[in-house]
Every structure is written in C-alpha cells, then in structure tokens.
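Asks: Predicted model follows, preceded by the sequence.
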Amino acid sequence: MRVYFDNAATTQLDREVIDAMIPFMESHFGNPSAIHYYGRETRAAIEKARKTVAKYLKATPSEIFFTSGGTESNNMAIRCAVDAYKLRHIVTSTIEHHCVMHATEALQQSGAVTLHYVNVDEKGRIDLQHLETLLASIGEKCLVTLMHANNEIGTMMDITAAGTICKKFDAIFHCDTVQTVAHFPFDLEQMPVHFISGAAHKFHGPKGTGFIYVHHSVKIPPMIFGGAQERNMRAGTENVYGIVGMAKAMEIGYDQLEETKQQIASLRDYMKEELKRCIPDVAFNGDVEGSCLYTVLNTSFPLNNKSQLLLFNLDMAGICASSGSACSSGSNQNSHVLEAIHADPNRVAIRFSFSKNNTREEVDFVIAKLKQLVGEPVTA
C-alpha cells in the first residue's frame, strides 16, 4: 500500500481538470496573442478562466493576473509594490514561506528597504498588537507581507484584522494565500488586502500555474518585460491549458467546499486522536486546537533511535509525508518555522497533510506503521 499525505506540497490533478485541459493541448493550440481564429479561441478561454477565478474570490476580472504560481505572485507583489511606491520599510515575520523571506531579504541586502519582524508566539500566531506598534513606529507608508496560513504548521492569521491595522496606517498589505485559496472562502470586495496569491497545484490543478490579485486601487509596474500579455502586466505567452485547468480546479474546489472541508477536517481530527491514543508522548506543532488549516497536522515525536530516521522509514513503508523538524534528522536542512516558534530541537516533526482523496483506512495504515517505527501503543 502507498499512502500520500503530502498534499500541502502538491495535490493530485482532478480528472475533470485533466479533461478540461486536454482540448487546449490538442486542437485548441493557438497563440492567444494572435488575431486569427485559433488565437481568438484561446484568448476567449483565458478570459473565461479569469472571470471564473474572480467570481469565486469576489473580485473583478481586471484585478486577476495569471502567473506561473505562488512564488512568482509573491515576488511580484513584494518587489513591484516597493518599486511603485518607493517604499523603504517592509514588515514581515520569521515564519513566512521561503519565497517571501528570500525576496524581502534580497531587497534589504540591496539597501532598498529595512526589514521589521512582527512577533510570533509558540503556536505560530502573529502578534497583531505588535504589528500595530511596528507600523506606528515606522511612521511612513510601508509594505506588510504576512501569510494567511503557515504551510508547515497550519496556523492561520485573521486577514481582515491584519488588513484593518494596515489600513489604519496606510500600509500596502500583501497576503500569501497559497495554502488557503479554494480551501476557504474569500470576499475580496470586503477584505482590506491589496495583494493575494494562488497556486493551482495546491487545489488539484496543474503545476506551473497561479495568479495574483491586485486591488484596483494599486498601480504597480510589471516584473517581467517583453510583451503585452496580461494587460501589459506579465510578459510571455500564456500557459493556456494551465490557466483553463486552474479555473476548473477552483470551480470544483468552491462548489464542493463545505462537503470537502468537513470530510478532510474529520479525517485530520481522527488521525490526531488516534496518534494521541496510540503513540506515547506525541505532540503537535501549531495552533491545532485554534485557528489552523484543516488540511495540515504537524506532529512531533521524541527523538530516539527509532524516530531519528522517521521520515525515511515512513517512505520505505510506502507513506509520503514531509519533514518540518528543527533538528536535522533525515535531512540537512532545519525548519526555520519550527526554530522561529522555539520548537524543541530534540523532537522529530512530521507534517501530514490531507486532501479529499484520503481515507480513514490510510490513516489506520499510517498509525500502524508509526507504532512500529516510534513506539508501542499506550495500554489502558
């Protein structure tokens, strides 16, 4: 048996998504910038997809721009906002995705901006009072870039609360929503946010396709030059079949949202309770009992001879998960997120992340293997 519990990294393509994409790989092959029939047909498909994405996010189509994914979208928001508004300060956190961390650090190293880090507690929760204090101390227009939900531990931030603080100080607010688009509802007409980002492969769409939402009040330059695509905002021939697939995946995700959320949350809770019942001294990283992704369970096991190569042994047992350990067990790289929340380095962290395709039978299989790899079940 092979079990896939690494859905926060990428998800399996839905069959309906593949079916929607195939015509644009075969017969509908025109360049959407061409003015003839074949070009007009693919251009129409792109604009239809744009309307679909905008509809489900409660945005306008003119605020949606297609990209290669979350990394490009996040870089675009950060770098172009700094450029457009001549910003000298960025407020962020130490638990952001590497694409945000490295983009902001590069701007600081170039001398363009000064970075300020908002406090994060032991569960990965952003200190919004400290955010307000930071913005008051900076005293000028700046960029705030904070993620909606952490990809490693799942802890979520209140976008509206953070955005309201940013609005009070006239800050530009960018939120990395890669883990939450098509998993949570958005109303961008009401949310006080200037940029959000999405990646299709996080919600059963194709890899290499994403989008950036840019609020209509924000005017930024393009990050990629060379053509007039995406209304002069993102040069390069569009990934037509990827865009079509992403729109279809978003449609499925939102049309089935409540049913899927209940199914996945139930599965996650079942695994959490089974781990507590069966595995001695198991713990969890993140705000697991509070505001947290229902798709992520970051588990923590004591470091011993059995657990030190746990991720490797899980893989050998047919179980796909990911590491988030602050120690270097089975990996040469530490987790900056677990270090930032001061997780015990003498424990092994494994992230299990779920999708609608997972089952209780798979959870039971994993629990049985963990009993062998970590320790014996607790007896009553």
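Replies: Alright, I've got the coordinates. Values in this document were obtained by computation on a predicted structure and should not be read as measured data. Residues are numbered from 1 along each chain as shown.
Asks: Give the next helix or strand downstream of the one helix or strand in the chain whose mean pLDDT sits lowest.
Replies: Lowest by mean pLDDT, DSSP states H and E among the helices and strands of the chain is strand 322-323, with a mean of 90. The first helix or strand that comes after strand 322-323 along the chain, using DSSP states H and E, is helix 336-340.
Asks: mind saving the C-alpha coords of that following helix as PDB?
Replies: C-alpha atoms of helix 336-340 as PDB (Å, rounded to 0.1, in the frame of the first residue of the first chain):
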ATOM      1  CA  HIS A 336      13.000  28.000  10.000                       C
ATOM      2  CA  VAL A 337       9.400  27.800  11.100                       C
ATOM      3  CA  LEU A 338      10.000  25.400  14.000                       C
ATOM      4  CA  GLU A 339      13.000  27.400  15.000                       C
ATOM      5  CA  ALA A 340      11.000  30.600  15.000                       C
END
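Asks: And for that helix, what's in contact with it?
Replies: 93-95, 98, 101, 120, 124, 150, 152-153, 285, 324-326, 349 (Cβ atoms under 8 Å, 6 or more residues apart in numbering). Heads up, the C-betas are built off the backbone N, CA and C, glycines and all.
Asks: Let me know the closest of those residues to Met316.
Replies: Ser325 (17.6 Å; Cβ to Cβ).
Asks: Show me what the stretch of helix or strand Cys166 belongs to is packed against.
Replies: Assessed by DSSP H and E, Cys166 sits inside helix 159-168. Contact partners of helix 159-168 among helices and strands, from 3 or more Cβ pairs under 8 Å, 6 or more residues apart in numbering; DSSP states H and E: helix 128-138, strand 172-175.
Asks: and the ones you listed, which is most packed in?
Replies: With neighbours taken as mean count of other Cβ atoms under 10 Å, the helices and strands packed on helix 159-168 reach their highest mean count in strand 172-175, at a mean of 26.
Asks: That strand - contacts with which helices or strands?
Replies: Contacts defined by 3+ Cβ pairs under 8 Å, 6+ apart place strand 172-175 against helix 70-85, strand 143-145, helix 159-168, strand 195-199.
Asks: average model confidence for the first one?
Replies: What that stands for is helix 70-85. Mean per-residue pLDDT for helix 70-85: 98.
Asks: The next helix or strand after that helix pairs with which strands, parallel or anti?
Replies: In the C-terminal direction, the helix or strand that comes right after helix 70-85 (DSSP H and E) is strand 89-92. If you go by DSSP bridges, strand 89-92 pairs up with strand 114-117 (parallel), strand 143-145 (parallel).
Asks: Which of these has the highest mean neighbour count?
Replies: Buried most deeply of those, by mean count of other Cβ under 10 Å, is strand 143-145, with a mean of 25.
Asks: For that strand, what is the distance to the chain centroid?
Replies: 17 Å (Cα atoms, centre = their mean, to the nearest Å).
Asks: before we move on, back to that, compute the inter-axis angle for the helix holding Cys166 and strand 195-199.
Replies: Here helix 159-168 runs at an angle of 140 degrees relative to strand 195-199 (axes from the mean of the first three to the mean of the last three Cα atoms, to 10 degrees).
Asks: residues contacting Lys97?
Replies: Lys isn't right for residue 97; it's His. Gly70, Asn74, Met147, Asn151, Asp176, Val178.
Asks: Among the strands paired with strand 89-92, which comes closest to Ala343?
Replies: Nearest to Ala343 among the strands paired with strand 89-92 is strand 114-117 (17.8 Å), distances taken as Cβ to Cβ.
Asks: how far is the closest one from where the chain is centred?
Replies: That offset, for strand 114-117, works out to 22 Å (Cα atoms, centre = their mean).
Asks: same check, this time on stretch 14-34
Replies: That offset, for stretch 14-34, works out to 26 Å (Cα atoms, centre = their mean).
Asks: now do stretch 241-260
Replies: Stretch 241-260 sits 16 Å away from the centroid of its parent chain (Cα atoms, centre = their mean).
Asks: buried set for that stretch?
Replies: For stretch 241-260, burial by neighbour count (16 or more other Cβ atoms under 10 Å) applies to 241-254, 260.
Asks: Nearest to Phe186, out of those residues: which one, please.
Replies: For those, the nearest to Phe186 is Tyr254 (9.4 Å; Cβ to Cβ).
Asks: Show me the domain layout of the protein.
Replies: Split into domains by automatic domain parsing, the chain comes to 3-10+257-373, 15-255.
Asks: Of those, which shows the lowest average pLDDT?
Replies: Among the domains of the chain, domain 3-10+257-373 carries the lowest mean pLDDT, at a mean of 91.
Asks: between the buried residues of stretch 241-260, which is closest to Ser217?
Replies: When these are compared against Ser217 (criterion: Cβ to Cβ), the nearest one is Met250, at 24.1 Å.
Asks: Packing partners of the helix or strand that closest one falls within?
Replies: Using DSSP H and E, Met250 maps to helix 240-255. For helix 240-255, the packing partners by 3+ Cβ pairs under 8 Å, 6+ apart come out as helix 15-21, helix 37-57.
Asks: Output the contacting helices and strands for the very next helix or strand once past it.
Replies: Next in sequence after helix 240-255, counting helices and strands by DSSP H and E, comes helix 257-278. Where contact means 3+ Cβ pairs under 8 Å, 6+ apart, helix 257-278 is packed against strand 296-302, helix 360-373.
Asks: tell me the angle of helix 257-278 relative to helix 240-255?
Replies: 80 degrees.
Asks: Now helix 257-278: buried residues?
Replies: Using 16+ other Cβ under 10 Å as the test for burial, helix 257-278 gives Thr260, Lys261, Gln263, Ile264, Leu267, Arg268, Met271, Lys272, Glu274, Leu275, Cys278.
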